[in-house]
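[1] Below are the sequence and a predicted model; questions follow.
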Amino acid sequence: MIQVYTDGSSRGNPGPGGYGIVLKFNQQRKEMAQGYRLTTNNRMELLAIIVALESLKRKDLEVHIYSDSKYVIDSIVNRWVWSWQQKGYKGKKNADLWERFLKIEKDFKIHYHWVKGHNGHEENERCDLLATVAADHGPFLVDEVYEKLEN
């Protein structure tokens, strides 16, 4: 079993943002973070899960994803995203990221868990720190789809 903890951050919404990821497998631990110069919190929450899944080399293990994002977890667990996809994401944001998510998630057996943010959950707190440091200090990538839509 692989445990994936994620969080996203945005300083302003929109504003500079970032994501933080902690991956745990047996006794191994890996942390990842990335900042973006202009994005939203929801995009960073979703992107964290996508990047985490894309980084996994083994697809034969169960994956447990922990996130404090009700937006992301509810959209998946309640199967809303598949309905949005069928309707061409009409009126929905982040279609580019949802499509990227749907392309990768089918390769894994995933269990999703919502955790209350800022509630002392050790790994969630670590992901929050990674995400906020990335949002505050970069180095920054460009969220090209978001910036193109905003202009």
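    Thanks, I have it. Residues are numbered from 1 along each chain as shown.
[2] ok, for residue 92, nearest residue in space, not its chain neighbours?
    Once flanking residues are discounted, residue 92 sits nearest to residue 84: 4.8 Å by Cβ to Cβ, 6 or more residues apart in numbering. All C-beta atoms are positioned from the backbone trio N, CA, C, and that covers glycine.
[3] Need the three-state assignment for that neighbour.
    helix (DSSP: H, G, I helix; E, B strand; the rest coil).
[4] if I read this right, it contacts residue 94, doesn't it?
    No - using Cβ atoms under 8 Å, residue 84 is not in contact with residue 94, being 9.6 Å away.
[5] Which one's more surrounded, the two?
    The neighbour comparison of residue 84 against residue 94 (other Cβ atoms under 10 Å) goes to residue 94, with 24 against 19.
[6] do you know how far residue 56 is from residue 110?
    Using Cβ to Cβ, to the nearest Å, residue 56 is found at 10 Å from residue 110.
[7] Now do the shared contacts for these two.
    Applying Cβ atoms under 8 Å, 6 or more residues apart in numbering, one finds that residue 56 and residue 110 are jointly contacted by residue 63.
[8] Near residue 142, how many other residues are there?
    Neighbours of residue 142 using other Cβ under 10 Å come to 12.
[9] Now do the contacts for it.
    The contact partners of residue 142, by Cβ under 8 Å, 6+ apart, come to 36, 37, 38.
[10] now, which of these sits nearest residue 133?
    Checking the contacts of residue 142 against residue 133 with Cβ to Cβ, the nearest one is residue 36 at 13.2 Å.
[11] My read is that that closest one contacts residue 11, right?
    No - with contact defined as Cβ under 8 Å, residue 36 does not count as touching residue 11 (10.6 Å).
[12] mind listing the strands for this structure?
    Using DSSP state E, the strands assigned to the chain run over residues 2-10, 15-25, 28-39, 62-67, 109-114, 140-141.
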